[in-house]
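Undergrad: okay, sequence plus prediction incoming.
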Amino acid sequence: MSADVIVVGGGPAGVAAALELKARGIARVMILEREPALGGATRHCVHSPFGMREFGRVYFGPAYAQRLQRQAQNAGVDIRTGHSVVELGQDGALLVTSARGVETLKARRIVLATGAREKPRSARLLPGDRPVGVVTTGTLQSYVAFHGIIPFRRPLIVGSELVSFSALLTCLTHRARPVAMIEPEPHPQARSPFHWFPRLAGVPFHCGAVLTDIRGCGRVEEADIRLADGRILTVQCDGILLTGRFTPEAALLNASPVEVAAGSAGPLIDQDGRMANPIFFAGGNVLRAVETGGWAFREGRRVGAAVADDLAREPCGAPGVPVTFADPLKLAVPAMLRPGGLDRAAFRDFQLRFTRRIQGRLSLHLDGTDVWSKTGRWRPERRVLVPIPGAAFEAGQIAFHFQEAN
C-alpha cells in the first residue's frame, strides 16, 4: 500500500478530509492534486469571504488556499502536486501521471474530492463562429490571478448564478466594462440583493434572453441575443463570458467502472459518503454542483471522519437502498442508504435540487408511507435539506414525490 488513504483532489473538501483523517490517527494520508498547489478553485477567486467557520477569520481566495496548504503540511499529509489520476482500479489502485511518468498508487481507502467545473461552450451547444474570446469564469479568474492579464475589455456575460456576479466584479475591478449580462431563464438564479448588482454597476441585465449567434474573425466582434419579447438585440463585444451551469468534475468516473448517481452526474454515495464499491468515498462539489468552499470543507471533514471509522473494520459491502425521485427534482444526495443509521453518518440530511422554479408539495415516502412533507415555492439549483429519518434504514423503498400546486 502506498498509503492508508489517498485523497484525489486538493480543494477545500479534499484538504478537510485529509486533516480529519490525520486528526483521528490515520498515519499515512496522501493528497494527489493535478495543479501545482493545493486550494482548488479558491486559488484564483480574488474575493472574500472564505474561512470564517473553518479558521475563524475572513480570507480572500488565494490566502485561503495558502492556509489550506499550510494546514495540510503541518498535519503531516503527504502532498503530491502535479499528479493527475487517470484511472480508478476496483481494488483501490490508481493509475497516476506526473513529471516522473506513469505509476500506480494503492491505498486501503480512496476519497474522491475532484470538485466541479463550469460548462464550456462545447457543452452548451452555442451557435456561431469560433473566434478567440469565449471563456468561463474559472478561465478568466485564472488569467487574472496567475498571469495578470484580462482577455477582453467589453465582454457579454451569460448567466446569473452567484459565480456570475463574481465574474462581473472581476471584470469591473480589472478595467473591463461588460456590455450586458443575460440569463436564459425568466428569473435571476441568485437571490437578491446579488442580482441588483449589474444595474447598480450600470450593466444592462436581461432575463429570458438567449444567446443565438456569435460572430467574429479572429476574435469575438459581436453577438445576437433573443430577448424575452422575441426581439433580436445585437451587441458589439470582444468576448463572451460563460458563467455557472456547474457540473461535477466526473471525467475520471466516466473512464472507470464506478457508479454515477442519476441527475447529479457525480458519484453514487450512501450516508457516509461511501460509494457502491466500499473502498471508495466521495465528498465536496463532485457530489453535486455547486456549494461554497466552506460547505465543501465541512462536508469533506465529515467524510474524512467516516473514512477513519471505516478503516477500523472490514469495508461495508452491504447493498444500498436507492433513493428515487422524478422531475422537477434534479438530484438527491445521498442517493442510497446502507444499514448503519445516523449516529456517525457524514450526511444527516438529503440534499435536493429542483430543475426549475415551481410551487407545490414536496414529500418523502418510505415504503409508500408519507413521513415528511413541505409546501412552498422552490427555486432551481437552490439547496433543499430534508432530514434523513431513522426509519429510512429499515425501509425497502425510499422515494421523493412532488405535487405541483394548481
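TA: Great, that's in hand.
Undergrad: switch to C-alpha atoms for all contacts and neighbour counts from now on
TA: Noted.
Undergrad: rounded mean pLDDT for stretch 73-92, please.
TA: The pLDDT scores in stretch 73-92 average 95.
Undergrad: contacts for it, please.
TA: Stretch 73-92 is contacted from outside by 8, 18-19, 22-23, 28-38, 72, 94-99, 106-110, 252-253, 255-257, 277, 279-280, using C-alpha atoms under 8 Å, 6 or more residues apart in numbering.
Undergrad: in that stretch, what's buried?
TA: For stretch 73-92, a neighbour-count test (16 or more other C-alpha atoms under 10 Å) marks 77-81, 83-85, 87-88, 92 as buried.
Undergrad: what do you get for stretch 148-168?
TA: For stretch 148-168, by 16+ other C-alpha under 10 Å, it's 150-168.
Undergrad: taking the buried residues of stretch 73-92 together, which two end up most distant?
TA: 77 and 87 (22.5 Å; C-alpha to C-alpha).
Undergrad: which residue ranges form the strands in the stretch 251-400 of the chain?
TA: 280-282, 321-324, 329-333, 336-337, 349-354, 358-366, 369-378, 384-387, 398-404 (DSSP state E, counting those that start in this stretch).
Undergrad: and those strands, which is most packed in?
TA: Compared across these, strand 280-282 shows the largest average neighbour count, a mean of 27 (mean count of other C-alpha atoms under 10 Å).
Undergrad: residues contacting the nearest residue in space to residue 404 that is not next to it in sequence?
TA: Nearest residue to residue 404, sequence neighbours excluded (C-alpha to C-alpha, 6 or more residues apart in numbering): residue 360, at 4.2 Å. Counting by C-alpha under 8 Å, 6+ apart, residue 360 makes contact with 375-378, 402-405.
Undergrad: what of residue 188?
TA: Residues near residue 188 by C-alpha under 8 Å, 6+ apart: 160-161, 195, 207.
Undergrad: what helix or strand is it on?
TA: Per DSSP states H and E: residue 188 is located in neither a helix nor a strand.
Undergrad: roughly how far apart are it and residue 47?
TA: Residue 188 sits at a distance of 21 Å from residue 47 (criterion: C-alpha to C-alpha, to the nearest Å).
Undergrad: kindly report the same for residue 364.
TA: When distances are taken as C-alpha to C-alpha, residue 364 and residue 47 turn out to be 38 Å apart.
Undergrad: also residue 322?
TA: As judged by C-alpha to C-alpha, residue 322 and residue 47 stand 39 Å apart.
Undergrad: one more: residue 14?
TA: Counting by C-alpha to C-alpha - residue 14 and residue 47 are separated by 21 Å.
Undergrad: quick one: which of those two has more around it?
TA: Set residue 14 next to residue 47 and count neighbours by other C-alpha atoms under 10 Å: residue 14 wins out with 35 against 14.
Undergrad: in space, what's closest to that one - neighbours in sequence excluded?
TA: In this structure, residue 14 finds its nearest non-sequential neighbour in residue 113, 5.1 Å apart by C-alpha to C-alpha, 6+ apart.
Undergrad: contact partners for that neighbour?
TA: Listed by C-alpha under 8 Å, 6+ apart, the contact partners of residue 113 are 7-11, 13-14, 282-286, 300.
Undergrad: picking up where we left off before, so which of the contacts of stretch 73-92 sit within helices?
TA: 18-19, 22-23, 72, 252-253 (DSSP state H).
Undergrad: could you redo these as CSV and give each row distance to residue 317?
TA: Shown next, in CSV, are these (distance: C-alpha to C-alpha, whole Å):
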residue, distance to residue 317
18, 23
19, 26
22, 25
23, 26
72, 31
252, 22
253, 20
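Undergrad: most surrounded residue in the residues you listed?
TA: residue 18 (32 neighbours).
Undergrad: for that residue, give me its contacts.
TA: 7, 29-31, 72, 77, 301, 304.
Undergrad: ok, now residue 26?
TA: Contacts for residue 26 (C-alpha under 8 Å, 6+ apart) come out as 4, 308.
Undergrad: quick one: pLDDT of it?
TA: So residue 26 comes in at 96 (pLDDT).
Undergrad: gap between the lowest-mean-pLDDT helix or strand in the chain and the chain center?
TA: Lowest on mean pLDDT, DSSP states H and E among the helices and strands of the chain sits helix 251-254, with a mean of 83. A distance of 15 Å separates the centroid of the chain from that of helix 251-254, by C-alpha atoms, centre = their mean, to the nearest Å.
Undergrad: where does the stretch 101-250 of the chain have low pLDDT?
TA: Applying pLDDT under 70 to the stretch 101-250 of the chain flags no residue at all.
Undergrad: could I get the full set of helices for it?
TA: For the stretch 101-250 of the chain, applying DSSP state H, counting those that start in this stretch gives helices covering 121-124, 137-142, 162-173, 197-200.
Undergrad: which stretch among these comes nearest residue 67?
TA: Using C-alpha to C-alpha, the helices of the stretch 101-250 of the chain put helix 137-142 closest to residue 67, at 18.9 Å.
Undergrad: chain center to the closest one: distance?
TA: Relative to its chain's centre, helix 137-142 lies at 16 Å (C-alpha atoms, centre = their mean).
Undergrad: by contact count, what packs against it?
TA: Packing partners of helix 137-142 (3 or more C-alpha pairs under 8 Å, 6 or more residues apart in numbering; DSSP states H and E): helix 162-173.
Undergrad: show the buried residues in the contacts of stretch 73-92.
TA: By neighbour count, with 16+ other C-alpha under 10 Å, the contacts of stretch 73-92 hold 8, 18-19, 22, 28-34, 37-38, 72, 94-97, 106-110, 252-253, 277, 279-280 as buried.
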